[in-house]
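> return a 3D structure for these sequence lines:
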Amino acid sequence: MGKRNYFLDFWKFIAAIGVIIVHVPFNNIAGTFGTAVGTWGLGLFALISGYACYGGKDVMCGKVIRRLKRNGIITAISVAAYLIFSYFIYRGDGMKAAWVYQFKKPMTYVNMIFVGDLEFFYGSALWYIIGLLWCYVIFYILLKINRKKVFYILLPVFLILRIVVDTYVNSYGANWHYSGNALVGVLPMMLLGYVIADKKDTLMKIPTWVLILSAVVSAAAMFLSVCYDVAGLNISQVFKIICATFVFLIGIKKPDWYVIKPLAFLGREDSLYIYLCHFMIYVGLATYMYSKMVPERIIEKQLTFAVIIGSVIVARLISLIIYFIKLPFAKKNASMQKS
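You can find the predicted model right below:
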């Protein structure tokens, strides 16, 4: 996927907006659908990451390390930003002592590093990028030993694990960190993306109409299973995996398909930053609105839209800042290549 993939770029943007709705939901059926899209979208992001890790050992080991370093830097900056943000929020609420106390507990750091539990400083949404870092480490090891067969052995094991754990969490209201971690929330879909890349030639022979029909049917099943339990169980994760897979296959086969080109541009450039910044914007806006005694019914109607708009604007500004920082280096490299 070296060339611009308009189709997947568009759906990356939709998925990023869905992630916002997971955390700032509407209190109606639209919110339920939006939440389903958000949790489905994380699977799509992981599929793309796993697909991009496919290739020869010599090339891909270096590529995975570069991705690990890049995302490690982004994660460190994001954690620092959330820490600073939460300090001012807790200080304003008179909760500074309780906030500081968390840093004195060894389990705080264990949960942060291994589970991605950053809730005590509003960083709960960052679990995914922390899980992604661990998965890059796992992929590096698997690529280094050059055992492609291991990917095929691990794939069904971790897909079943994802389905079972997610069904348990959503059906019984268990701790969401059971499914929101590297091994359950990210690795299964990355493994699937890698296997899809390995079987690409065969999969691309599937007629486009079959892929579209399968995506539509699985999406309908996903929304129905989100709204209605089956024998008391929320089995929507099964259909989220299937739907994400077919949408991804359509994107590989028809990369020039897109619905709205500006949104495709935002999906490619800004979806990561929308995900990273949205929770700070949510907490900040909610804190401000409640401090101004805004009626709760107004907050419920306006907060989600305000967070979406604010997150898109901030993400665009972050992308522009990074672009202008990189610009002198890009010009320098271009001039060196010409000489």
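
> pretty sure Ser311 sits against His278.
Yes: assessed by C-beta atoms under 8 Å, Ser311 is found in contact with His278 at 4.1 Å. (C-beta placed from N, C-alpha, C; glycine too.)

> other SSEs contacting the biggest helix by length in the chain?
When the chain is parsed with DSSP state H, its longest helix is helix 296-338. Packing partners of helix 296-338 (3 or more C-beta pairs under 8 Å, 6 or more residues apart in numbering; DSSP states H and E): helix 6-23, helix 261-291.

> spatially central residue in this protein, please.
Leu42 (4.0 Å; C-alpha atoms, centre = their mean).

> surely that one is in contact with Ile129?
No: between Leu42 and Ile129 there is no contact under C-beta under 8 Å: 10.7 Å.

> just want the angle from the longest helix of the chain to helix 261-291.
140 degrees (axes from the mean of the first three to the mean of the last three C-alpha atoms, to 10 degrees).

> next, the angle helix 6-23 makes with helix 296-338.
For helix 296-338 against helix 6-23, the angle by the same axes, to 10 degrees is 140 degrees.

> any regions of the chain where pLDDT drops low?
Applying pLDDT under 70 to the chain flags residues 1-2, 330-339.

> tell me where it has helices.
Secondary structure of the chain by DSSP H: the helices cover 6-23, 29-52, 57-92, 96-102, 106-110, 127-145, 148-172, 187-198, 200-203, 208-227, 236-253, 261-291, 296-338.

> out of those, which comes closest to Gly116?
Across the helices of the chain, Gly116 has its closest neighbour in helix 127-145 (3.2 Å, C-beta to C-beta).

> return the distance of the closest one from the chain's centre.
From the chain centre to the centre of helix 127-145 is a distance of 15 Å (C-alpha atoms, centre = their mean, to the nearest Å).

> tell me what that helix is packed against?
Judged by 3+ C-beta pairs under 8 Å, 6+ apart, helix 127-145 is in contact with helix 29-52, helix 57-92, helix 187-198, helix 261-291.

> neighbouring contacts of it?
Helix 127-145 has contacts (C-beta atoms under 8 Å, 6 or more residues apart in numbering) with 42, 45-46, 49-50, 53, 57, 60-61, 64-65, 67-68, 71-72, 74-75, 78, 112-113, 115-118, 150-151, 177, 180-182, 185-187, 190, 194, 275-276.

> list only buried entries from those.
If you count burial by 16 or more other C-beta atoms under 10 Å, the buried members of these come out as 42, 45-46, 49-50, 53, 60-61, 64, 67-68, 71, 74-75, 78, 112, 115-118, 151, 177, 180-182, 185-187, 190, 194, 275-276.

> reformat the helices and strands packed on helix 127-145 as CSV; add distance to Tyr168.
Output for the helices and strands packed on helix 127-145, formatted as CSV (distance: least, C-beta to C-beta, whole Å):
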stretch, distance to Tyr168
helix 29-52, 15
helix 57-92, 28
helix 187-198, 15
helix 261-291, 25
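
> of all those helices, which one comes closest to Gly18?
Evaluated with C-beta to C-beta, the helices and strands packed on helix 127-145 place helix 29-52 nearest to Gly18, the distance being 3.2 Å.

> got the CA coordinates for stretch 273-282 in CSV?
C-alpha atoms of stretch 273-282 as CSV (Å, rounded to 0.1, in the frame of the first residue of the first chain):
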residue,chain,number,x,y,z
TYR,A,273,-3.9,12.6,15.7
ILE,A,274,-7.7,12.7,15.9
TYR,A,275,-7.4,9.5,18.0
LEU,A,276,-4.6,10.8,20.1
CYS,A,277,-6.0,14.2,21.0
HIS,A,278,-9.7,13.6,21.2
PHE,A,279,-9.9,12.5,24.9
MET,A,280,-8.2,15.6,26.1
ILE,A,281,-10.6,17.8,24.1
TYR,A,282,-13.5,15.8,25.4
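
> OK, contacts around the closest residue to Ala81 other than its chain neighbours?
In this structure, Ala81 finds its nearest non-sequential neighbour in Met280, 7.1 Å apart by C-beta to C-beta, 6 or more residues apart in numbering. Listed by C-beta under 8 Å, 6+ apart, the contact set of Met280 reads 81-82, 85, 122.

> what's the ChimeraX line that selects buried ones from the residues you listed?
Restricted to buried positions by 16+ other C-beta under 10 Å, the ChimeraX selection for the contacts of Met280 reads:
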select :82,85,122
